[in-house]
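**Student:** Here is a sequence with its predicted model. Questions after.
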Amino acid sequence: MTDPSNLVLQAIAGLTFGLILFLVASGLTLIFGVMRILNFAHGVLYMLGAYFAFSVTRWFSDTPAKFIIALILAPLMGAALGLAIEFLLLRRIYRRAHLDQLLLTFALVFIAADGTRLTWGVDFKSVDVPPFLTGSVSLLGRSFPSYYFLVWAIAILVAVALWAFVQRTRTGLLLRAIVQDREMAGALGVNTARIYTATFMLGAYLAALGGALVAPLRAVALDLATESIIEAFIIVVIGGLGSVFGALVGALLLGESNAFGALVAPRFAIVFPFVLMAVVLIVRPFGLFGQPESE
Amino acid sequence: MAGRGSAWSRRLSRRAVIRAAGAGVAASALWTWSCGGKKAGETPQPGGTGTPSGKPVKLGYLTSLSGAATPYTEPERTAVLLAVEEINNKGGILGGRVELVVRDDKGVADEGQRQARDLIENQNVFLLFGVINSAVALAVSQYAREAQVPFVDTIAQSAALTEEKGHKYVFRTATTHTGIASRSVAKLAAEQKDWKRWYMIGPDYEYGHRLVEDFWSYLKKKRTDVQRIGEQWPKFGAGEFSAQINAILGAKPDAVYSSLWGGDQVAFVKQAKGFNYFQQVHHSGWAQVDLDVAAAIGADYPKGVLTGTNWAYYIVKNPQTDAFITAYRGRTNGLPTSGAGLGYTAVYLIKAALEKAGALDREKFITGMEDLKYDSIYGAINIRKCDHQAYGPVFVGFSDQVPGEQFSGIPKPTVLTPSSFPDMALPCSEIDQLRKKA
């Protein structure tokens, strides 16, 4: 316990989990912030990302780079699905009450679960770690999976790209304007419909990317839909609705609390995320990086 | 006015969104329902012939058709339907056609109880059987007791169901439960002289804890030099275990006992491999290489994992098993999992008990089940009268490649039977005491 290298390794494990959670939570918070939709189907998009990756690796089973192809294609398939959901369903109910939107995304969860069953069956599917990343590297005298470096690289790339997109592009500017004051943005002529579609596609892309990325570390199965969604909701609440940076901080906090909880108090590790959320809600009800409603 | 109105509605909506987020967390938490263990199996025996013409035998089948349990419950349902069809093709039970009424308990205790009530009161089924989730099984068992209707548990593994919470109307046809399973693995674990420092990991709910505690209390009884140096209780369905794996390896145990199952088990093994975990500790646990999990991980499942199972198609060689494999493959193109074996065996045991009873009568059925002896796909099994629990062979050993297959299993198991390993079952006097205390 007192061995400092243990603590460092635990922090690294927490960081890895945090980065995976960030991929899921960033899309959720964007959709939340921009569209004010609580997307229950986000976990389903994450699950489908893993199934898409499974199918792509099957289609290209003879290609050595099949998993890399899957990492490119699966999120795009997720984004295409996101486009379909937004265009065919969500678009029709923006003016309705929150409850209707909730019901719709909740219904999507059940539809997707049965659709997945019919398409892939219920047995556990498996995606192999790409051959060049199956081994481990020595870190502070212990073995650490090489594959996790790919997880880090992609998650950090996504974080930077998202930051650049939100802070440095015109679309990002409009997006921030909508988060801050949607009515004003609309009144000033922002094409909110197009921004909504783009946001939902981006959210779906990120969720599916997360699913594809964890596929080699999981059983690809129906319960992936619920695996990270609770954490993602907690992260969004902690980080502040609509704040991508908040999602990053929240995800890392959760990853580390999980890691050190496992080390210090494994019997209670399971409640740490909820305690963290409760504290944040009491101290800063709008989240660490969210903004209180401006008057 | 308009400005204030919109600011107000905006604030309201923000609050509504936060409330909705809270509801989301709660609903999702509910969704990740916990599940009870798994396992068990059976074969056609020549009975009558021709079309059944007597009074139909209506059976209420409760199972979870969605969520994390489906990799177990779908094969079970396939096998239950297969057994019913086989029986009906050979004259039914007591000359009556078997009719199945299938209900989804959704893995939720209340729902299971509600469906059980409906099956009894509105569908007039003769008995209830099925269930994978231990919490559901306990709830249905309680209802069955009040309604005085037999309930035959097929998969759910909590020992409580036939130990302290057992009663006249509840039976378990699976030849294992958390106690039998853990004691069987612990018997072999106790023989490993240098496995002294133990670490436990399991999902944080009834089944996970019970499997670990049953294992540890038996190991402690057999070995005084063992030490429990730590434990991890991730939530069921966590999927991510690198923090737990790291913490375990940091504590440098000799051996680890795991009650993780299903998708968690697949995820744990895949992640642990990257940490070279299997080179550093001896891994053990119940049902670690059952077909559903082993097939998902494939050929490079780590060798030398100490584990056990109630049945695997490649272990037991008898005519019943052969016939079952052929019939099952004819339906699904897949190999029967232990879950499939459980459903198949349960239906044939119900048939055998009814034929022993000689009448479609609930009280006579209970007497028929008691001390029932049957040659199943597992081999000889016997339902003990004092606890209504089925006992048969339990297979324990170390994981290795199954010859001729692309997956691992326990190709060379040690076979424990109630006579060769009496500790498998608690003595009837102890069962009585447990029930009085409860």
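**Tutor:** Okay, I see it. On a predicted model such as this, the values are computed, not experimentally measured, just so you know.
**Student:** after the helix or strand hosting residue A:137, next one along is what?
**Tutor:** Using DSSP states H and E, residue A:137 sits within strand A:136-139. Using DSSP H and E, the helix or strand that follows strand A:136-139 in sequence is strand A:142-145.
**Student:** mind showing which ranges of the stretch 1-150 of chain A have poor pLDDT?
**Tutor:** Applying pLDDT under 70 to the stretch 1-150 of chain A picks out residues A:1-2.
**Student:** Get me the contact residues on it for chain B.
**Tutor:** A:1, A:3, A:6, A:9-10, A:13-14, A:16-17, A:20, A:32, A:36, A:38, A:40, A:43, A:98, A:102, A:113, A:117, A:122-126, A:128-129, A:134, A:136, A:142-148 (CB under 8 Å from any CB of the partner chain). Using the backbone N, CA and C atoms, a C-beta is placed for each residue, glycine as well.
**Student:** Out of those residues, which sit inside strands?
**Tutor:** Using DSSP state E, the subset of the residues of the stretch 1-150 of chain A next to chain B located in strands is A:136, A:142, A:143, A:144, A:145.
**Student:** ok, and the most crowded of these?
**Tutor:** Among those, residue A:145 has the most neighbours (other CB atoms under 10 Å in any protein chain shown), with 27 neighbours.
**Student:** Give the burial count for residue A:164, as a bare number.
**Tutor:** Residue A:164: 11 surrounding residues under other CB under 10 Å.
**Student:** which secondary structure element contains it?
**Tutor:** Applying DSSP H and E, one finds residue A:164 within helix A:147-168.
**Student:** residue contacts, the one residue in the stretch 1-150 of chain A that gets nearest to chain B?
**Tutor:** Minimum separation of the stretch 1-150 of chain A from chain B (CB to the nearest CB) falls at residue A:145, amounting to 2.5 Å. Neighbouring residues of residue A:145 by CB atoms under 8 Å, 6 or more residues apart in numbering or on different chains: A:133, A:136, B:242, B:271, B:273, B:274, B:275.
**Student:** Grab the two from those that are most spread out in space.
**Tutor:** By the measure CB to CB, A:133 and B:242 form the most distant pair in those, at 14.9 Å.
**Student:** Who has more neighbours out of those two?
**Tutor:** A direct count of neighbours by other CB under 10 Å for residue A:133 and residue B:242 places residue B:242 higher, at 29 against 17.
**Student:** My guess is that one contacts residue A:13. True?
**Tutor:** Yes - Residue B:242 lies in contact with residue A:13 (CB atoms under 8 Å); the separation is 4.2 Å.
**Student:** those helices in chain B, which residues are they?
**Tutor:** B:2-31, B:70-89, B:109-121, B:134-147, B:178-190, B:206-222, B:242-251, B:263-274, B:277-280, B:291-297, B:319-332, B:338-357, B:362-369, B:428-437 (DSSP state H).
**Student:** With the stretch 151-295 of chain A instead?
**Tutor:** Listed in chain order, the helices of the stretch 151-295 of chain A (DSSP state H, counting those that start in this stretch) span A:170-180, A:182-187, A:192-214, A:224-227, A:229-239, A:244-264, A:272-283.
**Student:** Just the closest residue of chain B to chain A, please.
**Tutor:** For chain B, CB to the nearest CB, closest residue to chain A: residue B:274, 2.5 Å.
**Student:** so what's residue A:204 up against?
**Tutor:** Contacts of residue A:204 (CB under 8 Å, 6+ apart): A:27, A:45, A:78, A:79, A:81, A:82, A:83, A:85.
**Student:** Report the secondary structure element holding the first one.
**Tutor:** In this case it means residue A:27. Assigned by DSSP H and E, residue A:27 belongs to helix A:4-35.
**Student:** just the fifth one next, same as before
**Tutor:** Residue A:81 is part of helix A:66-88 when elements are defined by DSSP H and E.
**Student:** still on that earlier bit, any chance of the contacts of residue A:145 in a markdown table, with distance to residue B:153 too?
**Tutor:** Formatted as a markdown table, those follow (distance: CB to CB, whole Å):
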| residue | distance to residue B:153 |
| --- | --- |
| A:133 | 44 |
| A:136 | 43 |
| B:242 | 36 |
| B:271 | 33 |
| B:273 | 35 |
| B:274 | 38 |
| B:275 | 37 |
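**Student:** Please give me every residue in contact with the residue found closest to residue A:113 once you drop the neighbours it is linked to in the chain.
**Tutor:** Among residues not flanking residue A:113 along the chain, residue A:222 sits closest, at 5.9 Å (CB to CB, 6 or more residues apart in numbering or on different chains). Applying CB under 8 Å, 6+ apart to residue A:222 gives the contacts A:47, A:113, A:116, A:117, A:122, B:66, B:67, B:68, B:70.
**Student:** Out of those, the closest to residue B:234 would be?
**Tutor:** Of those, the one sitting nearest to residue B:234 (CB to CB) turns out to be residue B:68, at 14.0 Å.
**Student:** That closest one and residue A:224 touch, don't they?
**Tutor:** No - contact criterion CB under 8 Å: residue B:68 and residue A:224 do not qualify, at 9.9 Å.
**Student:** where do the contact lists of the two overlap?
**Tutor:** Common neighbours of residue B:68 and residue A:224 (CB under 8 Å, 6+ apart) are residue B:263.
**Student:** So residue A:210 is in contact with residue A:25, correct?
**Tutor:** No - the pair residue A:210 / residue A:25 is not scored as a contact, 9.1 Å apart, by CB under 8 Å.
**Student:** Let me see the contact set for residue B:138.
**Tutor:** B:109, B:158, B:160, B:161, B:165.
**Student:** Now residue 277. Nearest residue, chain neighbours left out?
**Tutor:** Using chain A. In space, residue A:277 is closest to residue A:234, 4.8 Å off (CB to CB, 6+ apart).
**Student:** That was the other one, I meant chain B.
**Tutor:** residue B:245 (5.8 Å).
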